[in-house]
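[1] Structural data only, the sequence is not supplied:
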């Protein structure tokens, strides 16, 4: 997310192995192993599933096509973003299909150790920001400038935030600069974690149903925009200097989140020796609308991830046939 984001139940993915990471770095994949990872000669692939529904959509479609078009067995493992890099480096998983930018991990594993290889772009551009509902922004357009947020602190106040305005965040496992931003921009707000993406979505929907004002950390691509239109609050402009300063001291962040072309990463040995599976995953490339179509079927329409993937695959052969080796 760099960002990290628990979302829809992993049971929807038909997962045969599940590692639930309850906090950033909580799951140590160096001490865990999938029963299908690194089985010599076996037509099997192990994919890391990030906890947000967009990433689950990627994996569900990739899994469906690997199994039904290429004859592989696919195992999936859910783990937080940073431990997933360790797992990928050690061959515990073969691929991460959606990374939101982790320059330190890329330097360590891709450039220095060369145990991870870039798998080309996903085709989707990610962006994190602070959002308010459109119905509120239409009436109060000045709220879209961060310098006016303190004016609305009482408006965004909740029981959880006490005397301050509430800035609603998702899972504490996500990489977020929000506490630093609130402090450094001298905003009269309290960051409140919903606990997961699903819980955050529930709160946003409740606010929207009652037409209540809210300020939330949110991100694109995300299917919820289809149901709850939101508008981004402009934070101080993102700069490389701000990012470099923040990388050295996370408490110093005082600018907006970057816009990030989302990337795929493969275990370096798998990238070279993974045959048709590796070739397919390198070619996997779709749009924000494609991902949101699958995500909404899972998160809003109640389909399992595999059923949603099958439905999307049958509807869009012109997209996925280009990915087959």
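    Structure's in. What do you need? Predicted model only: the values in this text are computed from it and were never measured.
[2] C-alpha from now on. contacts and neighbour counts both.
    OK.
[3] the helices in the stretch 201-325 of the chain, which residues?
    Here the stretch 201-325 of the chain has its helices, by DSSP state H, counting those that start in this stretch, at 240-248, 268-273, 275-283, 288-299, 305-315, 317-320.
[4] what's the first one packed up against?
    By that I understand helix 240-248. Judged by 3 or more Cα pairs under 8 Å, 6 or more residues apart in numbering; DSSP states H and E, helix 240-248 is in contact with no other helix or strand.
[5] Any buried residues in it, and which?
    242, 243, 246 (16 or more other Cα atoms under 10 Å).
[6] Reformat those residues as JSON lines; add pLDDT and distance to residue 90.
    Compiled in JSON lines, the buried residues of helix 240-248 are given as follows (pLDDT from 0 to 100; distance: Cα to Cα, whole Å):
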{"residue": "242", "pLDDT": "94", "distance to residue 90": "32"}
{"residue": "243", "pLDDT": "88", "distance to residue 90": "29"}
{"residue": "246", "pLDDT": "88", "distance to residue 90": "28"}
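[7] nearest to residue 168, of these?
    Using Cα to Cα, residue 246 comes nearest to residue 168 of the buried residues of helix 240-248, at 21.6 Å.
[8] Identify the residue spatially nearest to that closest one, adjacent ones excluded.
    residue 253 (4.9 Å; Cα to Cα, 6 or more residues apart in numbering).
[9] And for the one you found, the neighbour number?
    Residues contacting residue 253 under the criterion other Cα atoms under 10 Å number 25.
[10] and if you look at residue 172?
    18.
[11] I'd assumed residue 191 was in contact with it.
    No - shown here, residue 172 and residue 191 do not form a contact pair, counting by Cα atoms under 8 Å, at 10.5 Å.
[12] Pass me the low-pLDDT residue ranges in this protein, would you?
    Along the chain, the parts satisfying pLDDT under 70 run over 1-42.
[13] for this structure, what's the longest strand?
    The residue-count maximum for a strand in the chain (DSSP state E) belongs to strand 116-133.
[14] And the contacts of the very next helix or strand once past that strand?
    Remark: after strand 116-133, the chain's next helix or strand is helix 134-139, criterion DSSP states H and E. Residues from elsewhere that reach helix 134-139, judged by Cα atoms under 8 Å, 6 or more residues apart in numbering: 143, 144, 211, 213, 229, 230, 231.
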